[in-house]
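In: Kindly return the folded structure for what I paste below:
(2 chains)
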Amino acid sequence: MAKVLFKKQLSKDVFLMRLEAPLIAEERKAGQFIILQTNEDVGERIPLTIADADKKDGSITIIFQVVGKTTFDLSLFNEGDNIPTLVGPLGKPTHIEKFGTVVGVGGGIGVAPLHPIAQALKEAGNHLILIIGARTKELLILEDEMKEIADELIVCTDDGSYGRKALVTEPLKEVCERNFKPDLAIAIGPPIMMKFCAETTRPYGVQTLVSLNTIMVDGTGMCGGCRVNVDGKAKFVCVDGPEFDGHKVDFDNMMARLNSYKDMETIAHKCRLEEEIKRKGGLK
Amino acid sequence: MSFRTKEELSKEAKVLLDKFLPIKDNLKPKDRITIPLQEMPSQDPVVRRGNLDEVALGYTEEQARVEAMRCLQCKNKPCVAGCPVAIDIPLFIQHIVDGDYQSAVNVIKKTNLLPSICGRVCPQEVQCQLPCTLGKVFKDVDKSVSIGRLERFVADWERNTGKVSIPEVKPGTGKKVAIVGSGPAGLVVAADVRREGHEVTIFEAFHKLGGVTRYGIPEFRLPNYVIDQEIDTLKKMGVKIEKNYVIGRTRQLLDLINKDGFSAIFVGTGAGLPMFMGIEGESLVGVFSANEYLTRANLMRAFERGVADTPIYKSKKVAVLGGGNVAMDSARMAVRLGAEKVYVVYRRTEVEMPARKEEVAHAKEEGIEFHFLQNAKRIFGDEKGKVNAMECLRYELGEPDDSGRRRPVVIPNSEFIMEVDTVIVAIGNNSNPLISQTTPELKVNKWGNIIVDENQKTSIDRIYAGGDIVLGAATVILAMGEGRKAAASINELLKNEK
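Out: Here you go, the predicted model:
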């Protein structure tokens, strides 16, 4: 059980929560995630990356976007409420060392998991170029926090409502073409974005890490539901990942697997809406 | 054999009981041999295909007493030697004959703390019932005394009386023992160590307790209320429980000793790391490990569509790969989830199947089709990456292999296509690497199983292990047997310290 200490809406569907979790705060390292349930009896277990942690006050921060039933239910929790199930930190931490120049790319909600990794890389003495992007200005998160740690920050939006009008792959390509090409790239965001970031860096031979967020149940290696093909071999995101060499991940298969229950989720969503409407006495 | 209802079976038993009860103390072996074996009442196969309720309903009191009278009360007790925890089987059975069920329970509980679980899921036909003299007389192990069914009867009787005895706990010693994992091994260690007055904490990774008995074994074979009751007993004994707590992640194993003040640890984390075939198409949408499929249906309650948030794949034609109990559980769960056709694909024949006979029989009654001497070669998918067919190969049996079973050999050019939309891989588990990876000092073998000595002690002082993490995937009772040994070692260790 974890108490919600602080809640803030970052954009239309994106929320930040600080949760009381002293053990997780003590053990967690950049790149790791937690699994939570909004109802212990019938709730689904969903993985979320730890965006930040504070050992002193024993809290961790999560940032999530409402995309399905569980994230919707989670968004209804308020300060003082208890989240019934919280387990972590799970997954292997990011390997942090002084690589030289590192370019980090965060798309949409992916900026949240990128933040602690970028922070750790900065502390290890890397020169940090950060590219953050979103569909539109309202969906852009953590710009100030990223600005604080970046040696160079490039902001872009798909629709040009803020920063550069571009997909994140455009500035990434330019960075790869510079005289001093980066020693490492880290891309975190929607699967399709990570796929194209990996394609962008491939011709330049820039090693590219991606952090995968797949369907999971236990998060400890027991079920294998999170498996992805990496270099032709099945890997478990929960115990072998979540980070993998982006040039070796079979993104198309991963995206198909993410949609395994899409039809059913749509039905669940529709049912919930109908219920909500009924409860509020019909559509006005 | 046609289906007979519980009422019919009970009525027949009543007639037999009236006949034999008055002469129960004078029964000769030749009389006992004439008493017919009591069939386990079960849910109608047609009805149970659509529900999760327990299939085997348990003996009625009449049936239990009649079955108990079949026991020859052998002086040399071959059954006891066949029991991994050496229950005094003839004694508890005699108590049933006498109608003294409380005494029967007490006999069992001396060595087996989880009789209502073991009575349901132990493979008695290869343990206590294998050397049973009665089975030898009939040259048929299936005609042995139904020891497991009798064990279950008295355990259920005790629960139904509402007076489950709570084992006595000695005065507190102030010493702390950590149990990692709340499966069968962990529960047994918790009870045995707590009885000596030590403070016991169980750490469980999941949000519910019971380990494989909760996430793996389905409700229709082992209902959750049975597990809940065992855990309730532990709580009443004062055992502390920490859920959502992954040792190796939330806390390092050695930190439990070095930072948290535990004097000893038992590691019973089970065999949870599913094996896959390593064939083409195995990551298509619609291919699941049995662990995932069963965990969704059992622990996450996905069977209750509309109630549970966790989805489960909608299947019409399902192929289950494997021939063990987990394969049977998966196939039978798929039937209950509405699949029209469920095939069990196994590369040997029915004789070599590791699944319990009873489970195979139940599966057949429920309409599951068995495809022997066949195995998957690759899995095909449609343009959306969803399974739509599986290519199989036919096999024949060759020379015996290391396990003594005849080795399946591929018949060349025997490929054929099986139309399926779901494939469940149930070919076994490797041991979970979380603890060994994060505790390099802990010695494991090449399969990742923790190496222990004859006292269940690992390569690290004060740390003991048992169950599937040591044995590889085995059974509930073997896990419990190891747990008892480990608990005795821990109690011995702590007794000699101030």
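
In: List the contacts of the residue in the stretch 1-150 of chain B that chain A sits nearest to.
Out: As assessed by CB to the nearest CB, chain A sits closest to B:Leu52 within the stretch 1-150 of chain B, at 14.7 Å. All C-beta atoms are positioned from the backbone trio N, CA, C, and that covers glycine. Counting by CB atoms under 8 Å, 6 or more residues apart in numbering or on different chains, B:Leu52 touches B:Pro218, B:Glu219, B:Phe220, B:Phe303, B:Arg336.

In: closest to A:His115 among those residues?
Out: Minimum distance to A:His115 across these is 39.4 Å, recorded for B:Phe303 (CB to CB).

In: For B:Leu52, see how far away the closest one is.
Out: Using CB to CB, to the nearest Å, B:Phe303 is found at 6 Å from B:Leu52.

In: Mutual contacts of those two, please.
Out: B:Glu219, B:Arg336.

In: what's the closest non-adjacent residue to A:Gly43?
Out: A:Gln37 (3.8 Å; CB to CB, 6 or more residues apart in numbering or on different chains).

In: Who are the contact partners of the residue nearest the centre of chain A?
Out: By CA atoms, centre = their mean, chain A has its centre lying nearest to A:Gly110, at 4.0 Å. By CB under 8 Å, 6+ apart, the residues touching A:Gly110 are A:Ala187, A:Ile188, A:Gly189, A:Pro190, A:Met193, A:Ser211.

In: again with A:Met254
Out: A:Pro191, A:Leu212, A:Thr214, A:Val228, A:Asn229.

In: any idea which of those residues is closest to chain B?
Out: When these are compared against chain B (criterion: CB to the nearest CB), the nearest one is A:Asn229, at 5.4 Å.

In: what separates A:Val105 from B:Arg356, distance-wise?
Out: Counting by CB to CB, the gap from A:Val105 to B:Arg356 is 54 Å.

In: In terms of neighbours, single out the busier of the two.
Out: Under the neighbour definition other CB atoms under 10 Å in any protein chain shown, A:Val105 and B:Arg356 were set side by side, and A:Val105 has more, 30 against 20.

In: Distance of B:Glu454 relative to B:Tyr464?
Out: Distance from B:Glu454 to B:Tyr464, by CB to CB: 12 Å.

In: for B:Gly483, that is, sorry about that
Out: B:Gly483 is 9 Å from B:Tyr464, by CB to CB.

In: what sits in contact with each of these two?
Out: In contact with both B:Gly483 and B:Tyr464: B:Val189, B:Phe266, using CB under 8 Å, 6+ apart.

In: circling back to that earlier point, next step: the contacts of A:Gly110 restricted to helices.
Out: Per DSSP state H, helices hold the following members of the contacts of A:Gly110: A:Met193.

In: Of the contacts of A:Gly110 - the most surrounded one?
Out: A:Ile188 leads the contacts of A:Gly110 on contacts (other CB under 10 Å) with 30 neighbours.

In: in the sheet, who's paired with that residue?
Out: Beta-bridge partners recorded for A:Ile188 (DSSP bridges): A:Gly106.

In: Could you pull up the residues touching it?
Out: Per CB under 8 Å, 6+ apart, neighbours of A:Ile188: A:Gly104, A:Val105, A:Gly106, A:Gly107, A:Gly110, A:Val111, A:Pro113, A:Leu114, A:Ile117, A:Met194, A:Val210, A:Ser211.

In: which of the residues you listed lies closest to A:Glu177?
Out: Using CB to CB, these come closest to A:Glu177 at A:Val105, 15.2 Å.

In: so the closest one makes contact with A:Pro190?
Out: No: here A:Val105 lies out of contact with A:Pro190, judged by CB atoms under 8 Å, at a distance of 11.5 Å.

In: Looks to me like B:Val360 is in a helix.
Out: Yes: secondary structure of B:Val360 (DSSP: H, G, I helix; E, B strand; the rest coil): part of a helix.

In: neighbours of it, just the number please.
Out: For B:Val360, using other CB under 10 Å, the count is 20.

In: Verify the stated contact: it with B:Met328.
Out: Yes: at 6.5 Å, B:Val360 and B:Met328 qualify as touching, with contact defined as CB under 8 Å.

In: Which strands or helices does the longest strand seen in chain B pack on?
Out: For chain B, the longest strand by residue count, based on DSSP state E, is strand B:387-400. Judged by 3 or more CB pairs under 8 Å, 6 or more residues apart in numbering or on different chains; DSSP states H and E, strand B:387-400 is in contact with strand B:374-381, strand B:406-410, strand B:416-418, strand B:422-425.

In: try it again with 10 Å
Out: strand B:287-289, strand B:317-321, strand B:341-346, strand B:369-372, strand B:374-381, strand B:406-410, strand B:416-418, strand B:422-425 (3 or more CB pairs under 10 Å, 6 or more residues apart in numbering or on different chains; DSSP states H and E).

In: Tell me the buried residues in it?
Out: B:Val387, B:Asn388, B:Ala389, B:Met390, B:Glu391, B:Cys392, B:Leu393, B:Arg394, B:Tyr395, B:Leu397 (16 or more other CB atoms under 10 Å in any protein chain shown).

In: tell me the contacts of residue 151?
Out: No chain was given, so I picked chain A. The neighbours of A:Asp151, taking CB atoms under 10 Å, 6 or more residues apart in numbering or on different chains as the test, are A:Thr101, A:Val102, A:Lys122, A:Asn126, A:His127, A:Leu128, A:Ile129, A:Leu130.

In: meant chain B actually
Out: B:83, B:87, B:89, B:92-93, B:96, B:104-105, B:108, B:112, B:115-116, B:118-120, B:122, B:124, B:128.

In: Are we agreed that it is in a helix?
Out: Yes: remark: B:Glu151 belongs to a helix, assigned using three-state DSSP.

In: Which stretches in the stretch 51-200 of chain A count as strands?
Out: With strands called from DSSP state E, counting those that start in this stretch, the stretch 51-200 of chain A shows them at A:59-65, A:82-83, A:85-90, A:101-107, A:127-134, A:152-157, A:164-165, A:184-188.

In: check whether the third one contacts chain B.
Out: Yes: part of strand A:85-90 sits close enough to chain B to count as contact by CB under 10 Å from any CB of the partner chain, namely A:Thr85, A:Leu86, A:Val87, A:Gly88, A:Pro89, A:Leu90.

In: Which strands or helices does that strand pack on?
Out: strand A:2-11, helix A:22-27, strand A:33-37, strand A:46-54, strand A:59-65, helix A:237-240.

In: List the neighbouring strands of it plus their orientation.
Out: strand A:33-37 (antiparallel).

In: do the second one as well
Out: Using DSSP bridges, the strands paired with strand A:82-83 are strand A:2-11 (antiparallel).

In: what does the stretch 351-498 of chain B have sitting close to chain A?
Out: By the rule CB under 10 Å from any CB, the part of the stretch 351-498 of chain B lying against chain A is B:381, B:383-386, B:425, B:429-434, B:437.
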